[in-house]
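J.: Give me the fold of what follows.
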Amino acid sequence: MIESERLLLVPWNADYDEQFAALCADPVAMQFITRGRPLPREMVDEILDRTRQMWREHGFGPFAAIEKTSGDWIGRIGLNLLPDWPGPDKWEVGFELLREAWGRGFATEARVERCASRGTRHRSSG
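T.: Just a heads-up that it's a prediction; the model follows:
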């Protein structure tokens, strides 16, 4: 787990799958990812399978972002492997956040904190 001033970044596990699926079904939340098209559940499940695989194979990947003051899940932030990307750089820093979390600097805070802790490998148990 990585802790910043306002966030807990928890290695991804199945506890967050349904919340992520609901986020991916929100056309407004998806406007910058899919141009507002909700993702079908089978596509969400593929994303979640890849997320778990990244954690197993690399020891890192997208984190569940938990707001410390409320304890609420607010989204997913972290590194994503893009195996089909045409160029050599196949890793991206990505985030998907609930609309309520937009404009509050959470993605930037998480990226800065993750870079500061880059020497630590985080392993998921699941």
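J.: Scan this structure for its longest helix.
T.: helix 41-58 (DSSP state H).
J.: count of residues packed around Leu98?
T.: 18 (other CB atoms under 10 Å). In short, each C-beta sits where N, CA and C put it, glycine included.
J.: An error on my part: the question was meant for Gly87.
T.: 6.
J.: sorry, back to before: which residues touch the longest helix of the chain?
T.: If you take CB atoms under 8 Å, 6 or more residues apart in numbering as the criterion, helix 41-58 is touched by 11-12, 17, 20-21, 24, 39, 60-62, 76, 79-81, 123-124, 126.
J.: quick one: average confidence on that helix?
T.: For helix 41-58, the mean per-residue pLDDT is 94.
J.: Buried ones in it, by neighbour count?
T.: If you call a residue buried by 16 or more other CB atoms under 10 Å, then helix 41-58 has these buried ones: Val44, Ile47, Leu48, Arg50, Thr51, Arg52, Met54, Trp55.
J.: Tabulate those residues (JSON lines), appending distance to Arg35.
T.: Shown next, in JSON lines, are these (distance: CB to CB, whole Å):
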{"residue": "Val44", "distance to Arg35": "17"}
{"residue": "Ile47", "distance to Arg35": "17"}
{"residue": "Leu48", "distance to Arg35": "22"}
{"residue": "Arg50", "distance to Arg35": "21"}
{"residue": "Thr51", "distance to Arg35": "22"}
{"residue": "Arg52", "distance to Arg35": "27"}
{"residue": "Met54", "distance to Arg35": "25"}
{"residue": "Trp55", "distance to Arg35": "28"}
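J.: what residues are up against Asp72?
T.: Per CB under 8 Å, 6+ apart, neighbours of Asp72: Ile66.
J.: Give me the phi and psi angles of it.
T.: Backbone dihedrals for Asp72, given as degrees, to the nearest 10, come out at phi -80, psi 140.
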